[in-house]
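Novice: Next one to model:
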Amino acid sequence: MTVEFDFDGETALVTGAGGALGSAVIEAFHGAGADVCGADIVGPDSEDFLADPDPVCHHQADFSAEAEVAETIETVVDENGGLDYLCNVAGTWRGGTPIEETDVDEFDFLFDVNLKTMFLASKHTLPHLQDSGGAIVSVASRSSLEGGEGDGIYRASKAGVRLLTETVAEENRGTVRANAVLPSVIDTPMNREMMPDADYDQWADPADIAQTVLALCSEATSVTSGAAVPVYGEV
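Specialist: Numbering: from 1, shown residues only. This is a model prediction of the structure:
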């Protein structure tokens, strides 16, 4: 069964736009007729930027720096006449050491990239989303549901994304819906490089996750807010 979404005339902002999942979300929104703006700390000319730079507008900004976040969002709103959806995709993984061997710089880095970006983007888009009756979808993680060995700081930062999503949903009942998706290992070039012996067929395709993101922004889920939605298939 093919599912089609119609976001014609609406505007979406996607953070982490240059990554595999961010680029898939951008492509899905564009295919559904939305005006899509991407934001990433790297620009489209970087070899690490995977998204097609056309026909999407891209903004290079550090979303852990509040002034840059505020400026970028105001630019997006001014250029598009408003904002309807925010997709907090920016994030990364670090791990491999137990807590007693983990450097505080790694803690700061993961909370900046995974949680602070989500907080600042949500903070500065909410006034506009309240006007439009829009929605926020953020990327948490399956591993945020429990503690684990070697990547506790990552898990904690993603648990923060999940809990902050519930807070945004509660504070904006009837106005802005907020949900999170919980991927496990996503089939990306970086993950394949890190785990060359893994069974890639068991990993979720970014395009499939992007469809869930669109569904959570659409009227098909108009009664869904504050949810943490699994997007790791049947693994």
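Novice: next helix or strand past the lowest-mean-pLDDT helix or strand in the chain?
Specialist: Least confident helix or strand of the chain, by mean pLDDT, DSSP states H and E, is helix 189-194 with a mean of 72. On the C-terminal side of helix 189-194, the closest following helix or strand by DSSP states H and E is helix 206-217.
Novice: So for residue 78, what pLDDT did the model give?
Specialist: Looking at residue 78, its pLDDT stands at 97.
Novice: Give me the number of neighbouring residues for it.
Specialist: Other residues within reach of residue 78, judged by other CB atoms under 10 Å, total 9. Every residue, glycine included, has its C-beta placed from N, CA and C.
Novice: Can you tell me how far it is from residue 16?
Specialist: 22 Å (CB to CB, to the nearest Å).
Novice: Per-residue pLDDT of residue 207, please?
Specialist: Residue 207 carries a pLDDT value of 89.
Novice: Quick one: mean pLDDT for stretch 117-127?
Specialist: On average, stretch 117-127 scores 98.
Novice: Identify each buried residue in the top helix by length along the chain, please.
Specialist: Longest helix of the chain, by residue count under DSSP state H: helix 152-171. Residues of helix 152-171 classed as buried: 152-162, 164-166, 168-169 (neighbour count, 16 or more other CB atoms under 10 Å).
Novice: which one of these sits closest to residue 58?
Specialist: Proximity of these to residue 58 (CB to CB) peaks at residue 161, which lies at 23.1 Å.
Novice: looking at it, that closest one is touching residue 136, isn't it?
Specialist: No: under the criterion of CB atoms under 8 Å, residue 161 is not in contact with residue 136, lying 10.9 Å apart.
Novice: how close does the closest residue to residue 209 other than its chain neighbours get to residue 142?
Specialist: Using CB to CB, 6 or more residues apart in numbering and skipping residues adjacent in sequence, the residue nearest residue 209 is residue 231, 4.7 Å away. Going from residue 231 to residue 142 by CB to CB gives 9 Å.
Novice: Overlap of the contact sets of these two?
Specialist: Listed as contacting both residue 231 and residue 142 by CB atoms under 8 Å, 6 or more residues apart in numbering are 182-183.
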